[in-house]
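Peer 1: structure of the sequence below:
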Amino acid sequence: MSDGKPLPAKILAYRELEWDKPLKGGGPAPPKELVEQAEKVGARRKKIVRGEAGFFMNRSQLPPGYRVPTHHHNHDEMLIVLAGGCTFDDDFGEARADDTIVIPAKNRYGFTCGPDGMEFLTIRLGDATTEL
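Peer 2: So this is what the prediction gives:
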């Protein structure tokens, strides 16, 4: 702000946020085929932080065996696994609950969720695009 006053803190209540409808606007949309595949099997996300203080954060829930194809983003990202886990492509490794993965922008990756599916946070410093 130009008057030197700090912006107020803000609580973003997860329980009050709607599940994302990525093809209906509100930032860069992932490729249509990814969205359609996710909707068919019940994968979903909530966009929790949408630029406040420069942060963007999603919370995603993916079912068991769900495959996220190889892709990349135009922003660095940090994934924090809350529950379940996944195996990344190319012998990158396996992530489980409480693990954190840091992926620099433009790095291609894909993964397959384990038998318990995966719930995770994605944190970025920009509203990222997704490219296959």
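
Peer 1: from now on I want contacts and neighbour counts done on CA atoms only, so please keep to that.
Peer 2: OK.

Peer 1: report whether Glu36 is found in a helix, as I expect.
Peer 2: Yes: judged by DSSP: H, G, I helix; E, B strand; the rest coil, Glu36 forms part of a helix.

Peer 1: show the model's pLDDT score for it.
Peer 2: The score at Glu36 is 90. That number is its pLDDT.

Peer 1: which residues in the chain form strands?
Peer 2: For the chain, the strands defined by DSSP state E cover 44-50, 56-62, 67-73, 77-88, 93-96, 100-103, 109-124, 130-131.

Peer 1: pLDDT weak spots in the chain?
Peer 2: Confidence mapping of the chain against pLDDT under 70 gives the ranges 1-2, 25-26.

Peer 1: could you rerun that using 50?
Peer 2: Scanning the chain with the threshold set as pLDDT under 50 gives 1.

Peer 1: distance of Ala43 relative to Ala9?
Peer 2: For Ala43, the distance to Ala9 equals 31 Å [C-alpha to C-alpha, to the nearest Å].

Peer 1: may I see the strands of the chain arranged in a markdown table, with mean neighbour count and distance to Lys24 as well?
Peer 2: Formatted as a markdown table, the strands of the chain follow (neighbours: other C-alpha atoms under 10 Å; distance: least, C-alpha to C-alpha, whole Å):
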| stretch | mean neighbour count | distance to Lys24 |
| --- | --- | --- |
| strand 44-50 | 19 | 13 |
| strand 56-62 | 20 | 16 |
| strand 67-73 | 17 | 20 |
| strand 77-88 | 20 | 23 |
| strand 93-96 | 16 | 31 |
| strand 100-103 | 14 | 27 |
| strand 109-124 | 20 | 20 |
| strand 130-131 | 14 | 16 |
